[in-house]
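> Here's my sequence, what's the structure:
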Amino acid sequence: MRRLSRRAFTAAALSTLVTAGDAGALARRATAGEMRGMWLATVFRRDWPSRAGLPAAAQRAELRAHLDNAVRRRLNTVFFQVRPSADALWPSPYEPWSQFLTGTQGQDPGWDPLGAAIEEAHARGLELHAWFNPYRVASHTDLSLLAPGHPARRNPDWVVPYGGKLYYNPGLPQVRLFVEAAILDAVRRYPVDGVHFDDYFYPYPVEGDVFDDDRAYAAYGGGFADRAAWRRHNIDLLVQETAARIRTLRPAARFGISPFGVWRNATTDPTGSATRAGVQTYDDLYADTRKWVRSGWLDYICPQIYWNIGFPAADYAALVPWWASVTRGTRAELYIGEALYKAGDPAQPAAWRDPAELSRHLTLAGRYPQVRGHVFFAAKEVGADPAGAMARVVADHYRQSAPPPR
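Modelled structure (predicted):
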């Protein structure tokens with residue numbers, strides 16, 4: 001099909017393209033592969049399990065139901081959150097069992113969710129990417145509430161309270177090495193198809209609070225232009241070292257990250273996107289996502305472009321081509337993170353009340369060859385689909401099954 005200008009991507013034009021269909025493009029994706037993923041979030045039991053303390057058999061049945069929903073929607077990959085808060089959904093020698101399983105951190109749930117999820121996913125023809133949050137420790141600031149023997153309790157100098165929560169300090173080399181070891185334990189022991197980080201590195205800014213890393217900066221920040229450059233270096237090291245160790249331990253596993261969708265606004269940096277976002281990953285989370293792609297550290301990047309087409313501060317139609325330009329000529333594949341959870345929500349801009357909004361996203365993104373697929377947040381909405389947006393995506397774009405990209 002001919003490439004359309006950005007101006008041509010009106011809602012009406014996109015709807016017409018979807019309705020008319022592109023059998024050739026659908027057939028090519030069905031054979032060449034594309035990412036069709038969903039995030040399955042366990043932090044605060046967002047998607048799974050439905051409540052704390054369910055018997056192991058009930059937890060496993062709920063997990064199977066989520067995987068069955070992925071198959072029913074003709075998805076091919078599940079991003080399963082297995083380290084939501086410095087804890088584990090497998091029998092880790094480094095960190096306690098997650099409280100989100102039993103309600104008590106450190107309590108054995110009586111089964112191995114990560115091992116079972118891989119087995120069940122593969123039995124259904126799905127890939128399973130293990131999703132890790134590197135630095136979040138707790139949603140409170142009281143170390144005594146953590147499980148006895150928790151690494152943060154044993155090493156309180158590793159932890160920074162900020163915004164009413166606890167975080168590991170990314171500026172400490174011993175923290176970085178510990179985090180990598182805790183993550184790579186799962187990579188070493190399980191046949192995961194991928195390793196996945198989300199958008200949390202240094203924490204999102206909290207007005208009126210300061211992330212107190214003065215002592216770490218004094219000890220390790222020499223030689224950097226300023227604290228921001230040092231912080232970015234700390235996160236660079238985590239990404240670069242994790243990538244290298246995954247390729248040694250499990251070469252077939254892909255390593256990717258799903259950052260906040262705006263690297264930098266063009267008003268801040270002329271190489272940034274035509275956006276006016278209040279958060280910029282480079283400046284606020286100290287995550288130089290563009291550098292990671294261009295340095296060859298990532299197998300894929302999946303920016304969370306959680307805004308509608310035409311949204312003034314961060315237009316989906318502006319961000320997709322920007323990310324396509326970032327990944328062009330690199331080894332990193334580009335997947336787009338989609339805000340399925342916003343569909344039908346009356347608190348969101350009016351565009352999200354149209355069940356066709358997400359389908360239009362896929363049509364627009366399909367004009368850019370660098371885009372190799374989409375990942376939907378999150379599993380609960382993939383199954384329930386209260387607004388019918390997921391069903392519309394399937395009808396318009398996923399008429400046939402497709403393998404993930406290789």
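> And the helices in the stretch 1-150 of the chain, which stretches?
For the stretch 1-150 of the chain, the helices defined by DSSP state H, counting those that start in this stretch occupy 11-20, 23-32, 56-72, 99-102, 113-123.
> buried stuff in the longest helix along the chain?
Assignment by DSSP state H gives helix 227-249 as the longest helix of the chain. For helix 227-249, the buried set under the neighbour-count rule, 16 or more other Cβ atoms under 10 Å, comprises 227, 230-236, 238-243, 245-246. C-beta here means a position set from N, CA and C on the backbone, and glycine is covered the same way.
> So which elements touch the helix or strand that comes right after that helix?
Of the helices and strands lying after helix 227-249 in sequence (DSSP states H and E), the nearest is strand 254-257. Contacts defined by 3 or more Cβ pairs under 8 Å, 6 or more residues apart in numbering; DSSP states H and E place strand 254-257 against strand 194-197, helix 227-249, strand 300-301.
> who's in contact with Ile301?
Contacts were defined as Cβ atoms under 8 Å, 6 or more residues apart in numbering; by that measure Ile301 touches 256-259, 289, 292-293, 323, 326-327, 332-335.
> With Thr327 instead?
So Thr327 contacts 293, 301, 333-334, 370 (Cβ under 8 Å, 6+ apart).
> what about 6 Å?
By Cβ atoms under 6 Å, 6 or more residues apart in numbering, the residues touching Thr327 are 293, 334, 370.
> and the residue nearest to the last one when sequence neighbours are not counted, helix, strand or coil?
Using Cβ to Cβ, 6 or more residues apart in numbering and skipping residues adjacent in sequence, the residue nearest Gln370 is Ala324, 4.1 Å away. Ala324 falls in the helix class when you classify it by DSSP: H, G, I helix; E, B strand; the rest coil.
> Tell me how far Ala324 lies from Tyr335.
12 Å (Cβ to Cβ, to the nearest Å).
> again with Tyr168
27 Å.
> Pro369 now?
Taking Cβ to Cβ as the measure, Pro369 falls 13 Å from Tyr335.
> Looking only at neighbour counts, state which of those two leads.
Per other Cβ atoms under 10 Å, whichever of Pro369 and Tyr335 has more neighbours is Tyr335, with 27 against 10.
> Give the other helices and strands that the one helix or strand the more buried one maps to contacts.
Using DSSP H and E, Tyr335 sits within strand 333-338. Packing partners of strand 333-338 (3 or more Cβ pairs under 6 Å, 6 or more residues apart in numbering; DSSP states H and E): strand 371-376.
> Next SSE downstream of the strand it packs on?
Next element after strand 371-376 (DSSP H and E): helix 379-384.
> so which of the helices and strands packed on strand 254-257 comes closest to Leu184?
Across the helices and strands packed on strand 254-257, the minimum distance to Leu184, taken as Cβ to Cβ, is reached by helix 227-249, at 5.6 Å.
> on contacts alone, who are the packing partners of the closest one?
Contact partners of helix 227-249 among helices and strands, from 3+ Cβ pairs under 6 Å, 6+ apart: helix 173-189.
> Also compute the angle for the helix it packs on relative to helix 113-123, please.
Put simply, helix 173-189 runs at 40 degrees to helix 113-123, going by axes from the mean of the first three to the mean of the last three Cα atoms, to 10 degrees.
> Serialize the contacts of Ile301 to JSON lines and add fields for pLDDT and distance to His397.
What follows is the contacts of Ile301, written out as JSON lines (pLDDT from 0 to 100; distance: Cβ to Cβ, whole Å):
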{"residue": "Gly256", "pLDDT": "98", "distance to His397": "21"}
{"residue": "Ile257", "pLDDT": "98", "distance to His397": "24"}
{"residue": "Ser258", "pLDDT": "98", "distance to His397": "20"}
{"residue": "Pro259", "pLDDT": "98", "distance to His397": "24"}
{"residue": "Thr289", "pLDDT": "98", "distance to His397": "26"}
{"residue": "Trp292", "pLDDT": "98", "distance to His397": "28"}
{"residue": "Val293", "pLDDT": "98", "distance to His397": "25"}
{"residue": "Trp323", "pLDDT": "98", "distance to His397": "19"}
{"residue": "Val326", "pLDDT": "98", "distance to His397": "24"}
{"residue": "Thr327", "pLDDT": "98", "distance to His397": "21"}
{"residue": "Ala332", "pLDDT": "98", "distance to His397": "23"}
{"residue": "Glu333", "pLDDT": "98", "distance to His397": "18"}
{"residue": "Leu334", "pLDDT": "98", "distance to His397": "17"}
{"residue": "Tyr335", "pLDDT": "98", "distance to His397": "14"}
